[in-house]
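quick one, structure for this:
(3 chains)
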Amino acid sequence: MFGELQDWVLFIGRFHSLVVHFPIGILLSVLLIECFSLVRRSTDLDTAIVFLLEMSGYFSLLAVGVGFCLAQEGGYNEERLALHQWMGVLLTVAIFATLFIKRRYHRYKEASWGWSYRGMLLLSSIILVVGAHQGGVMAHGQNYLTEHFPLKFDQSTSSQSYEKEGLIDPVKKNAHEALPTISYKNEVHPILFAKCVDCHGPDKSKVGLRLDSAAFIKKGSKLGPVIIPGDPFKSLVYTLAALPRDHEDLMPPKGDPLTARELNILKTWIEQGASFDVGDVKWDVVSKPPDRAPQPGDAFKWSNEQQAVIHEIEEKGVIVRLLQGESQRIEIDFSHAELAEDQIALNFLEPLKDNVETLDFSKTNITDKQLMQIDGFKNLRVLHLEKTEVTDTGISYLVKSVNLEYLNLHSTSITHASLASIKHLKKLKNLYLWQTDISESHVRELKKALPVTKIIH
Amino acid sequence: MKAFFKKHSQVPRRDFLAYSAKCFLGVGLMPHLIRNTLHGKEAPIGRPSAKNVIYLYMAGGMSHLDTFDPKPGMEQQGPVETIKTNVDGMQFTEYLPSLARQADKLAVVRSLSSTQGAHQQGNYFMHSSYTMRGTIRHPGLGSWLVKMDGKLNKNLPGAVRIGGSAVGGGAGFFETRYAPLVIGNPEQGLQNSKLRKGVSEGEMQQTLALTDAFDTEFHKRYDYKLVRAYSDMYDDAVKLMKSEDLKAFDLKEEKEELRQAYGKNSFGQGCLLARRLVEHDVRFVEVTLGGWDTHSDNFEKLPDKTKVLDDALATLLNDLELRGMLEETMVVLATEFGRTPQINESLGRDHSPSAFSCVLAGGGIRGGQIFGHTDQIGKMVTENQVTVPDFNATIAYAVGLPIEEEYISPSGRPFTVADKGKPITQLFS
Amino acid sequence: MNTSSEDLMKATVLGMTKKIIVIASLGSTILLNLGFAKISTEQASRNIDELVEAKLESKGVERNSEVRDEVFVRRIYLDIMGRIPTYDEALKFLNSDDQFKRQKLIDALLQSEGHISHFFHLWADLLRLKTRTSNGNVTGLYAYTEWVKQSLRDNKPYDQLVRELITATGYPWENPAVGFYLRDFNMPLDHMSSTVQTFLGTRMQCAQCHDHPFDSWTQMDYYKMAAFTYNVRTRVDIRQIEELKKYLITLKQKKDGIDVRKLHREPARRQMVRELLQPLQIGAIQTERKLRLPEDYQYNNAEPKQIVEPMLPFAEEGQELTPPQFESAEELRNQYANWMTSPTNPRFSKVIVNRLWKYVLGLGLIEPLDDFTDDTEASNPELLDYLASLMIENQYDMREFLRVLYNTKTYQSASSLKEEVEVENYLFAGPLLRRMSAEQIWDSIWTLVLEDVDERKGGNYNVFREKAQEESMMARAYALQSMETEVMYELLESVVQVFEKRVTQRHNLHKSMQSIEESKQRDQLNKQLRSLQREARKEVDQIIASAISPMIEEEKDMTISSMSMDRGGVMSFDSKQRKILKETDPRWKDFHISFVRAAELQSPMYPGHFLRQFGQSDREIIDNADKEASVPQALTLMNSQYLQSLIRRESLLTRNVMSAEEPGRKAEIMFMSFLAREPSQVELEAIVNGIEGKESAQAYRMVVTALLNSQEFRFIQ
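This next block holds a predicted model:
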């Protein structure tokens, strides 16, 4: 005869957002009056204050009650909800306390009462603000307040946290989980691209609509705009995609319809004003790879000293090339730099010596004496000396470079004398001796010493 | 799969590197650092096993049965005999005697299969990993490489194409400066790169200054991409004319015997030029050998064709190895599709995209292996099918390109090098 | 925000009403013209301008100002003639004060041979004209390119041209139009998709292997469509050749016991027979051959390898789609051609007018030109419809259509200052700024060098060779067809004998090669092998030639001056080469024979040639020309030999410049020759400073090079 009690509860619950504003308004007006009379040093409004305080008390009591009903609807972030509820209760108590003190003060006119009353009033106002904010956040979403805050702080991480929080079910239209801003670039564009662009894109643009870039989406279709920022249910992009799966107007007509999650992203994005945030700009730039924000925990940096060296040698036409990331292994290639002998000084590379994995001196004017410091480069794996003036003396400096895996000496004037030092390079995988004076027999000998090494002769 | 994980475990935080590059490093180093991948997913990139690529393209559709995937004893094989190679169990046809002696350098992929049965489309697909569309031109591997990883030698173009006219393989939707420089005749090298007799450098400078004077009005008036492109073009041209690296184009610097060994034909000399260019750190050199479209008289036309290929490729591999370049240079032999096992009425073979062979060597490839198999007549792939994107992804992987990173075309659509193909990591040592 | 949108509203409403009026007026004019003389050029141009204006006003945009004479004369010459105006031509126009001079110039140029040499390239790019296929064994393609040129010269109506191409049958020397099929030798399926893309602006390629992902084409549609022309064979089944049959019969009689069916096992005989009958094996021959679905047909509406009956992909406007009724394959092809070229075919007319519109104004009303889908929308639909109706009304007279476009205000306005990437955004306030095509740049350079450049015919070596080869093929074909069976038998046998021993030798050599490791030795053998082949060929050629040439003498109508008997054509051609390639005409004797307009050269030019450097289409894909900047282009314009030709004493430019005394005048002549305008004060000063202290030859060289490399030279304003 009453219908489902549950339904009544939910029905009443919906009035929370209405009722809740009364105590807020009233209490604030009390605050106002107090300040006013404080300045004016008059008490003629006291009766009004008492009355208002009483009212706000009852209303906040009501609001709390209705609020608990609304809470039944669920779908809210638990902690935040709890906090909000307690704030509500606390506020009611605080208000009645204030009222009580006020009455006392009214009667005895003792300054002490007066001050404690004012303090109490202030306290309840604070509780009010905090509680109300919680509510606001739940109703309008995380960044609702700051959304249009001129000094933007970075929201790029929002997408991840968004994944974590999990999403509300699309049917519960009013129930608002606090949602971080959706990024068009990271979340919306991929959906549109996957599901819509085949027919609404550069190849085909049915009803003149293209969904492949911000400009076109804003432009809308021949039938008019397809997105009404803030109102998903007036935005065709969402409504047509959200139609029941058996509906004939459902978009996309062929292929998989959008998933609940995709629908939500779309909806929330539109609700949040369908902004094509800064991330979007890149999408119009053809060539530029998207900039990456530094990831937390990524520690390494090149020291200023190292940067200085790299810059300087690059100036000279030396090619510096990163081979591997975290270990900062690099290749340094002198072969195109056309440098004079004295410009090829290894000690100059000192700051980078642990990073250097490949050194290419082929066709350069390097001589034996530059190789003296080579043993400093502990991580040297690859060394190109082909087509240089290097002689056996130079090679003798290599004995300590035990990590060498690749050594190219073709078209140099080295003789079998070098093989003695090369023998020590046990890790050597490839050795190139083509067009040197080293004889077959010597090579065979070396092969014995370095069985695994591939010797090209 | 082991190899895969080995490499995967070395994956650096490319995305972060891109950032640090911008913050801390010189321009020259920067492009190599931009290895970020989409949404934090890490592409399987370890230390790039190859630095440069020599890409030999057999235009028209090379018959796999008559080259790298013979079917001895089958009637479909026709009159062609099969010979042993220096790798046990690997057989080529008699048409490739020299390569047979270097099979230990080759990874023969016998299980390629394309979706494109017509020349243009097949050629385009092989070069760009995307099927041909009316509305967009996709970049070729070379342009991707230069675009994503940058030039090494600042004076020379990053990519060069010798002969042929690949339908795909251009700059696609990238800027023109990423397009391969086309060299018609390797003998002539880079035409017109030297000042004419009697013209001093000073005179040329003054002349160009004069041109600028004539252009000022025009430049003020028209705001066209193409117009701007032309001013850039002249800067590059002048830079190139001044550089020492021009020698790279001059085949006369090579010994006559070597030139003979490569074969005195435009493909052979093209391969030699390719080696010289890679020596000067041109990243990607493509050489084309045409005329494989043997719809008729297959067995009369092939001996000459294969001879050219056999001589050039065998010499190239040997040459690269002697110079210690094979380690860091990946040599690719590719074609748009194979040819049918059935011999048609005009004694030719028709297009067969369903199964064909391509070959990889050097640049970290483990030689002497066969990957994938075709059925007994070579019509269908029976094992380890490799799609065209997979094949190109393998090349991209070798040179360390982020195969999952998306680039956005002017039409606003994301594209990846090798269209999300999966690299065949088993091929690497 | 609001106000502006209101304005927009107003503008649109205005535009709408305007449009309605225009369309009404058009309707009436067309009605008026029905039955009477077809609509006048002026009227048509005016109508087009009105439609463009309507669009402009709807967006509140002004048409660009009318273009100045200096700019106009250069533009119109480049657009119609494909080259810049000569010094005299430019002056003549600029100095004339006839108020109709533009109109008259347009008429004159459209009638000239120079126009054909330019218009040809549109068709070369569209039809992928090649003077030689990549695998080289198809003859008749040169004749085909010449046929296309002639058709343009005769101003053959477009629909007729297309019909002749599609229905072409026979051997190339009987009907050069068969080149349309020979171009895609042995690739009937590819050929079909190209045809549809070319004339209906519709891409079906991908349906060759699978249903079209976006458009409505299915693989079945594709095969049904292909079935119309699949019955045309480019390689004549050798067994169907009468001459061969005769031969085989006699062969049976003479050599009993020989199994004719096993002949293909005899390499020598087979090869020689092919060799000799070569010219009779290539042509577009009508057969009854049926098209079957591919082995891997994946859809369940039919079985793989099942025969496909022809069916059109879409019907003519207001008609039902019904399977064609036909007696013969020939008739079937005719029906196909008629459907394709019918005025009621929804795409046929629109595609060509859109193409020509872009040809004239630099951007299509629909882009890309050849990817029409059901959803394609023209940027100005009324205009496109009108253009199509105009084309139909003028019975597909393309020259008249161009005349109309060139006479529009739209064309004769200044070009737009910003480039438009988005077609739908461009309203044609004027033509776009365009870079010259490769051919335009090439032709313009020779305009500066040679007098009467349009009259110089000939071409480069390969063209002459192709020509000679085709003639020799033709000759042999005639000879064979009129040869006594007996004679032919003898001829063949003698040839076969010669060849048999060669082949065996060659075979042994080949065998012995595998065993040899030493690469030097193998090369030796290879050399021998080649020489063997060469000798064999020579010997055979001589036999054939001696047998055929007497018969050819009888052929009165044939000119075989430069003709050779051998298939290769080259060898015996070389001997006569010097005579042919020598320029006899005094006007050009100082300049190499291959310095002619691009239309005279082989198509396409080889990679690396000037034309290819500047983006000439490789003629592999439809409309594959490009206009992108590249380093080699700069190098060529700065350092190439062509510059030398410009500044030679004999060049037209030099002679004109030398005719003047004082430097200022010289500069004026140079500017007029290159840019069809006088130099500005600033430019004159720049020159004076630039060439200060240089001796005259060097100064001249500098200014010429500077002008050649200037942006204004490269672009069509």
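
which SSE is immediately downstream of the least confident helix or strand in chain C by mean pLDDT?
When the helices and strands of chain C are scored by mean pLDDT, DSSP states H and E, helix C:570-581 comes last with a mean of 48. Using DSSP states H and E, the helix or strand that directly follows helix C:570-581 along the chain is helix C:610-613.

that next one near chain B at all?
Yes: interface with chain B: helix C:610-613 contributes C:612, C:613 (C-beta under 8 Å from any C-beta of the partner chain). Where C-beta positions appear, they are placed from N, C-alpha and C, glycine not excepted.

please enumerate the helices of the stretch 151-300 of chain B.
Per DSSP state H, counting those that start in this stretch, the stretch 151-300 of chain B carries helices over the ranges B:201-221, B:225-242, B:256-262, B:266-279, B:298-322.

okay, the angle between the fourth one and helix B:298-322?
What it means is helix B:266-279. Calculated by axes from the mean of the first three to the mean of the last three C-alpha atoms, to 10 degrees, helix B:266-279 forms an angle of 20 degrees with helix B:298-322.

please name every helix or strand in contact with helix B:266-279.
strand B:52-58, strand B:159-162, helix B:256-262, strand B:284-289, helix B:298-322 (3 or more C-beta pairs under 8 Å, 6 or more residues apart in numbering or on different chains; DSSP states H and E).

mind listing what's buried along the strand or helix carrying residue C:392?
Residue C:392 is part of helix C:381-393, with elements assigned from DSSP H and E. For helix C:381-393, burial by neighbour count (16 or more other C-beta atoms under 10 Å in any protein chain shown) applies to C:382, C:383, C:384, C:385, C:386, C:387, C:388, C:389, C:390, C:391, C:393.

check contacts around the second one.
Remark: with contacts taken as C-beta atoms under 8 Å, 6 or more residues apart in numbering or on different chains, residue C:383 is in contact with C:48, C:51, C:52, C:55, C:365.

please identify which of the residues you listed is nearest to residue A:441.
residue C:365 (79.8 Å; C-beta to C-beta).

give me the nearest residue to the closest one, chain neighbours excluded.
Nearest residue to residue C:365, sequence neighbours excluded (C-beta to C-beta, 6 or more residues apart in numbering or on different chains): residue C:378, at 4.4 Å.

now do the phi/psi pair for the nearest residue to residue A:235 once chain neighbours are set aside.
Leaving aside its chain neighbours, residue A:235 sits nearest to residue A:227 (4.6 Å; criterion: C-beta to C-beta, 6+ apart). Dihedral pair for residue A:227: phi -130, psi 120, per degrees, to the nearest 10.

what score does residue A:227 have for pLDDT?
Residue A:227 carries a pLDDT value of 85.

low-confidence stretches in the stretch 51-200 of chain C?
C:134-137 (pLDDT under 70).

which residues in it form helices?
Counting by DSSP H, counting those that start in this stretch, the helices of the stretch 51-200 of chain C are C:69-76, C:87-95, C:101-111, C:113-127, C:141-153, C:158-166, C:179-182, C:188-200.

ok, which of the ones you listed comes nearest residue B:50?
Nearest of those (C-beta to C-beta): helix C:188-200, 35.3 Å.

please see if whatever helix or strand comes next after the closest one touches chain B.
Counting by DSSP H and E, the next helix or strand C-terminal to helix C:188-200 is helix C:219-226. No: using C-beta under 8 Å from any C-beta, helix C:219-226 never reaches chain B; the gap is at least 11.9 Å.

secondary structure element for residue A:311?
Per DSSP H and E: helix A:304-315 holds residue A:311.

buried sites along that helix?
A:306, A:307, A:309, A:310, A:313, A:314.

spatially, what comes nearest to residue C:178 if we skip its sequence neighbours?
Nearest residue to residue C:178, sequence neighbours excluded (C-beta to C-beta, 6+ apart): residue C:284, at 3.8 Å.

is it fair to say the residue nearest to residue C:365 lies in a helix?
No: using DSSP: H, G, I helix; E, B strand; the rest coil, the secondary structure at residue C:378 is coil, not a helix.

give me the neighbour count for it.
Other residues within reach of residue C:378 by the criterion other C-beta atoms under 10 Å in any protein chain shown amount to 20.

next one: residue C:156
A count of neighbours around residue C:156, defined by other C-beta under 10 Å, yields 17.

report the contact partners of it.
Contact analysis of residue C:156 by C-beta under 8 Å, 6+ apart lists residue C:164.

so what's the backbone phi/psi at it?
phi -60, psi 130.

before we move on, what about residue A:385?
Note on residue A:385: its backbone torsions stand at phi -120, psi 10 [degrees, to the nearest 10].

ok, it - contacts?
With C-beta under 8 Å, 6+ apart, residue A:385 has these contacts: A:361, A:362, A:366, A:394, A:407, A:408, A:409, A:412.

all strands of chain C, in order?
C:232-235, C:282-286, C:434-435, C:715-716 (DSSP state E).

sheet-wise, list the partners of the first one with their directions.
Using DSSP bridges, the strands paired with strand C:232-235 are strand C:282-286 (antiparallel).

for chain C, give me its nearest residue in the stretch 151-300 of chain B.
residue B:184 (1.6 Å; C-beta to the nearest C-beta).

what number of residues lie near that residue?
21.

nearest to residue B:398 among the helices and strands packed on helix B:266-279 would be which one?
Comparison of those against residue B:398 by C-beta to C-beta identifies strand B:52-58 as nearest, at 7.9 Å.

and the very next helix or strand once past that closest one with chain C, contact?
Reading on from strand B:52-58 to the C-terminus, the next helix or strand found by DSSP H and E is strand B:82-84. Yes: if you take C-beta under 8 Å from any C-beta as the test, strand B:82-84 does meet chain C, through residue B:83.

show me what strand B:82-84 is packed against.
Using 3+ C-beta pairs under 8 Å, 6+ apart: strand B:82-84 touches strand B:91-93, helix B:97-100.

which ones are touching whichever residue of chain C sits closest to chain B?
Residue nearest to chain B within chain C (C-beta to the nearest C-beta): residue C:608, separated by 1.6 Å. Neighbouring residues of residue C:608 by C-beta under 8 Å, 6+ apart: B:182, B:183, B:184, B:185, B:188, B:191.

what residues are bridge-paired with the residue nearest to residue C:178?
Going by DSSP bridges, residue C:284 forms beta bridges with residue C:170.

that one and residue C:165 touch, don't they?
No: judged on C-beta atoms under 8 Å, residue C:284 makes no contact with residue C:165 at a distance of 10.2 Å.

anything in contact with each of these two?
Listed as contacting both residue C:284 and residue C:165 by C-beta under 8 Å, 6+ apart are residue C:180.

how about the closest residue to residue C:224 other than its chain neighbours, phi and psi?
Of all residues not flanking residue C:224 in the chain, residue C:311 sits nearest, at 3.8 Å (C-beta to C-beta, 6+ apart). Backbone torsions of residue C:311, given as degrees, to the nearest 10, read phi -160, psi 140.

quick one: low-confidence ranges for the chain?
Since you didn't name a chain, this refers to chain A. A:1-4, A:43, A:74-75, A:141-180, A:202-204, A:246, A:248, A:277-301, A:324-327.

not what I meant, chain B
Those would be B:1-46, B:133-136, B:165-167, B:176, B:345-346, B:410-413, if you go by pLDDT under 70 across chain B.

who's sitting farthest from the centroid in it?
residue B:217 (42.2 Å; C-alpha atoms, centre = their mean).

thought that one was touching residue C:677?
No: assessed by C-beta under 8 Å, residue B:217 is found out of contact with residue C:677, at 11.1 Å.
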